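*Asks:* one predicted model, sequence on top.
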There are 2 protein chains.
Amino acid sequence: MSSGSESGPQLCNCLALRQAARQATQLYDRHLAPAGLRTTQFSVLVNLRRLGPMTINRLAQEMAIDRTTLGRNILPLERDGLIAISQGTTDKRRKELALTQEGTARLRRAAKFWSNAQADFEAQFGVKRAAALRAELREVAVIGVRQ
Amino acid sequence: MSSGSESGPQLCNCLALRQAARQATQLYDRHLAPAGLRTTQFSVLVNLRRLGPMTINRLAQEMAIDRTTLGRNILPLERDGLIAISQGTTDKRRKELALTQEGTARLRRAAKFWSNAQADFEAQFGVKRAAALRAELREVAVIGVRQ
DNA sequence: TGACAAAAGGTGCATATGCACGCATTGTAC
DNA sequence: GTACAATGCGTGCATATGCACCTTTTGTCA
């Protein structure tokens, strides 16, 4: 190959996405640390509050994450009493995830830190620029859904 | 908060980045699978070919990845004989990573699949649009470096 | 109703990620 | 030359990620 993978200025879309995601995750995680939550955990709680109780499959679809990954991500949250997992009544296969009171409280505390992280990010990257970036990233996420 | 984390259209930059990175990773990994390489592993090999033999710290810095993460990522590559790890002569702390012949061969095989992945991605997202996105993502990665 | 497809979820395996902490080696100053 | 900082790397711990494969439970249709 004359090599399409030479990468001074990073030609691989996937790599560029992963690097950026790693850096952003570190930034947000640092901010969220005082609340005892990781970025992923925070987003699980946020989505449960936003959409109400629901099953693992549904939430996974909502978060564009693999079902089995989410199934494991929620375990620490249950262990810490932030969410409750109950078996479905009509459909015994289902497991309903619901935010607990403690989870709600933790989420409230964490929200402040998340805002700080978001502000930190956007102070460096630009508010409008970030909004535009998110719009593009949404399109990228959709690509995956179609596969 | 009146809630900055409501996320129909995803307001969290970090989450947007992670979701997009996950989807892209799945796409690229599917394409690279026949070569027996993950996206991360492919990029390690690419960087070693591009920059020549070097230490873990140096490569980690080059790839904008945590040193300890990279230290573990290279283990499967060494196990499979794609890279060689040798102790430094002048400085005994150092470990030099180098592409082996087998690694070079594997990389050559994988390059084709990577091109397919890249083409697949850009056919859906747009070539110029992808280039613009990468440029923005590079800026995001730089934010992390400054912390 | 009995066979079979479809859906919800779990598990094993392998890798990816990074923080806190520790160990050995090297560089530096006095 | 010795104390001490700095550097290069490893480990323990916890979480994140997803594929292949499996079990249980529902839905469907003849």
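*Replies:* Done, it's in.
*Asks:* after the longest helix along chain A comes which helix or strand?
*Replies:* In chain A, ranked by residue count with DSSP state H as the criterion, the top helix is helix A:101-125. Tracing the chain C-terminally past helix A:101-125 and defining elements by DSSP states H and E, one meets helix A:127-146 next.
*Asks:* let me know the average pLDDT across that following helix.
*Replies:* Helix A:127-146 shows an average pLDDT of 91 in the prediction.
*Asks:* who in chain A is up against DNA strand D?
*Replies:* Residues of chain A found near DNA strand D, taking CB under 7 Å from any atom of the strand as the criterion, are A:38, A:40-41, A:65-66, A:68-69, A:72-73, A:76, A:90-93. All C-beta spots, glycine's among them, are computed from the backbone N, C-alpha and C.
*Asks:* ok, and which of those reach DNA strand C?
*Replies:* Filtered for proximity to DNA strand C (CB under 7 Å from any atom of the strand), the residues of chain A next to DNA strand D shrink to A:68, A:72, A:91, A:93.
*Asks:* determine which two of those are furthest apart.
*Replies:* A:72 and A:91 (22.0 Å; CB to CB).
*Asks:* circling back to that earlier point, among the residues of chain A next to DNA strand D, which two are most distant?
*Replies:* A:38 and A:90 (33.5 Å).
*Asks:* and these two? which has more neighbours close in?
*Replies:* Remark: of residue A:38 and residue A:90, residue A:38 carries more neighbours, 16 against 5, as counted by other CB atoms under 10 Å in any protein chain shown.
*Asks:* pLDDT at the more buried one, what is it?
*Replies:* Confidence score, pLDDT, at residue A:38: 97.
*Asks:* okay, and the spatially closest residue to it that is not a sequence neighbour sits in which element?
*Replies:* Residue nearest to residue A:38 in three dimensions, not counting chain neighbours: residue A:29, with 5.8 Å by CB to CB, 6 or more residues apart in numbering or on different chains. Element membership for residue A:29, per DSSP H and E: helix A:13-32.
*Asks:* residues of chain A that sit close to DNA strand C?
*Replies:* Counting by CB under 7 Å from any atom of the strand, the residues of chain A lying close to DNA strand C are A:18, A:22-23, A:25-26, A:29-30, A:55-58, A:67-68, A:71-72, A:88, A:91, A:93-95.
*Asks:* what stretches of chain A score poorly on pLDDT?
*Replies:* In the predicted model, chain A carries pLDDT under 70 at residues A:1-9, A:145-147.
*Asks:* at 90 instead, please
*Replies:* Judged against pLDDT under 90, the low-scoring parts of chain A cover residues A:1-10, A:88, A:142-147.
*Asks:* most neighbours among the residues of chain A next to DNA strand D, please name it.
*Replies:* That'd be residue A:41 among the residues of chain A next to DNA strand D, by other CB under 10 Å, with 23 neighbours.
*Asks:* so who does the nearest residue to residue A:64 once chain neighbours are set aside touch?
*Replies:* Nearest-residue entry for residue A:64: residue B:19, 4.7 Å, with adjacent residues in sequence omitted and distances by CB to CB, 6+ apart. With contact set as CB atoms under 8 Å, 6 or more residues apart in numbering or on different chains, residue B:19 has these partners: A:63, A:64, A:65, A:137, A:141, B:10.
*Asks:* redo those as CSV? Include distance to residue B:125.
*Replies:* Compiled in CSV, those are given as follows (distance: CB to CB, whole Å):
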residue, distance to residue B:125
A:63, 21
A:64, 16
A:65, 20
A:137, 11
A:141, 11
B:10, 17
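*Asks:* wait, a helix at residue A:76?
*Replies:* Yes - counting by DSSP: H, G, I helix; E, B strand; the rest coil, residue A:76 is part of a helix.
*Asks:* how about it, nearest residue that isn't a chain neighbour?
*Replies:* Leaving aside its chain neighbours, residue A:76 sits nearest to residue A:41 (7.0 Å; criterion: CB to CB, 6+ apart).
*Asks:* contact partners of the helix or strand that contains the one you found?
*Replies:* Taking DSSP H and E as the definition, one finds residue A:41 inside helix A:39-51. Outside of helix A:39-51, the residues that reach it under the criterion CB under 8 Å, 6+ apart are A:25, A:28-29, A:32, A:35, A:37, A:54, A:59, A:62-63, A:70, A:73-74, A:76-77, A:82-83, A:97-99, A:103-104, A:106-107, A:110, A:114, B:5-7, B:12, B:14-15, B:18.
*Asks:* understood, closing this out.
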